[in-house]
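> Just a sequence and a predicted model for now, questions to come.
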Amino acid sequence: MKLTTVTNVSVDGVMQGLGGADEDRRGGFERGGWALPLFDDEAETFLGEVYQRTDAFLFGRRTYEIFAGSWGAMEDPSSSPIAAALHARPKYVVSTTLTDPGWADTTVLSGDVTAAIADLKAEPGGELQVHGSGSLVRRLFDHHLVDEIILLTYPVVVGQGTRLFPATGPDTALDLVDSRATSKGVTIQVYRPGGHPQYAA
């Protein structure tokens with residue numbers, strides 16, 4: 001399966017607490033909910049299509065728990081293409097502490113997680129998607145397991161919070177596959193890792 005990461009970020013790269021004020025207050029974060037005022041119908045339609053095309057989902061523990069508490073608790077998942085996909089497809093969560101996930105069709109990955117994810121990628125199928133899950137995404141990049149990156153960048157500078165990429169880390173060239181913008185200024189880019197970047201002499 002192709003492994004695709006799907007990440008919502010601000011212009012300054014923040015991905016923390018995009019959905020609501022109390023979604024993720026780690027580190028004293030006080031500016032949650034920055035994405036929803038800019039999340040328009042075009043972005044919603046695009047993401048709905050992305051969710052529908054996947055064969056399975058892969059999450060870090062924190063993102064999994066946020067999703068399980070919201071999408072997983074929906075009484076009528078068929079009312080949303082995102083919820084419908086999340087309820088219908090297998091879900092994998094990387095965690096050393098979660099032992100009894102309450103969301104149906106969930107498998108916990110622990111131990112040698114890198115090998116377990118490589119094994120998932122080797123299975124037949126179209127796409128394994130990672131939504132949010134910043135720590136997991138960085139780990140996947142470090143181990144060259146990412147095949148495609150979908151990045152939704154919102155026209156706001158949050159000014160604090162956890163960034164998608166740390167101040168230091170491995171470098172990777174990216175090939176642009178697709179680019180578009182919504183009416184509220186959310187830019188959507190699709191990239192594929194392109195090996196080592198070139199630097200000017």
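Cool, the structure landed. Numbers count the residues shown, from 1 in each chain.
> What sits closest to the residue most central in space within the chain if chain neighbours are left out?
For the chain, H131 is the residue whose C-alpha lies nearest the centre (CA atoms, centre = their mean; 2.1 Å). Distances taken as CB to CB, 6 or more residues apart in numbering place V6 nearest to H131, at 4.9 Å, with adjacent residues excluded. Any C-beta I mention is one placed from the backbone N, CA and C, and that applies to glycine too.
> contacting residues around the residue nearest to the centre of the chain?
By CB atoms under 8 Å, 6 or more residues apart in numbering, the residues touching H131 are V6, T7, F57, F59, T63, F67.
> My understanding was that the fifth one contacts S133; is that so?
So the one you mean is T63. Yes - applying CB atoms under 8 Å, one finds T63 in contact with S133, separated by 4.4 Å.
> Which one of these two is surrounded by more residues?
Using other CB atoms under 10 Å as the criterion, T63 and S133 rank with S133 on top: 26 against 23.
> May I ask you to confirm that that one is in contact with E65?
No - look at S133 against E65 with CB under 8 Å: they stay out of range, at 11.1 Å.
> which parts of stretch 142-153 are buried?
Neighbour-count burial for stretch 142-153, counted by 16 or more other CB atoms under 10 Å, picks out L145, V146, D147, E148, I149, I150, L151, L152, T153.
> Likewise for stretch 163-182?
R163, L164, T172, T182.
> any chance of those in TSV, plus secondary structure?
What follows is the buried residues of stretch 163-182, written out as TSV (DSSP: H, G, I helix; E, B strand; the rest coil):
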residue	secondary structure
R163	strand
L164	coil
T172	coil
T182	coil
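> closest to R138 among those?
L164 (7.9 Å; CB to CB).
> Mind pulling the model confidence for that closest one?
pLDDT, L164: 93.
> What does the pLDDT read for the residue nearest to the centre of the chain?
H131 is assigned a predicted lDDT (pLDDT) of 95.
> And the strands in this structure, which stretches?
Counting by DSSP state E, the segments of the chain that form strands are 2-10, 56-60, 91-94, 106-109, 127-131, 148-154, 174-181, 187-193.
> by contact count, what packs against the second one?
In terms of contacts (3 or more CB pairs under 8 Å, 6 or more residues apart in numbering; DSSP states H and E), strand 56-60 is packed against strand 91-94, helix 113-122, strand 127-131, helix 134-142.
> and if you look at the last one?
With contacts taken as 3+ CB pairs under 8 Å, 6+ apart, strand 187-193 sits against strand 148-154, strand 174-181.
> Just the CA coordinates for that strand, please, in PDB.
C-alpha atoms of strand 187-193 as PDB (Å, rounded to 0.1, in the frame of the first residue of the first chain):
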ATOM      1  CA  THR A 187      -3.800  25.900  -0.200                       C
ATOM      2  CA  ILE A 188      -3.700  22.200  -0.900                       C
ATOM      3  CA  GLN A 189      -0.400  20.700  -2.100                       C
ATOM      4  CA  VAL A 190       0.300  17.100  -2.900                       C
ATOM      5  CA  TYR A 191       4.000  16.100  -2.800                       C
ATOM      6  CA  ARG A 192       6.100  13.000  -3.300                       C
ATOM      7  CA  PRO A 193       9.500  12.700  -1.500                       C
END
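> Alright, I will stop here.
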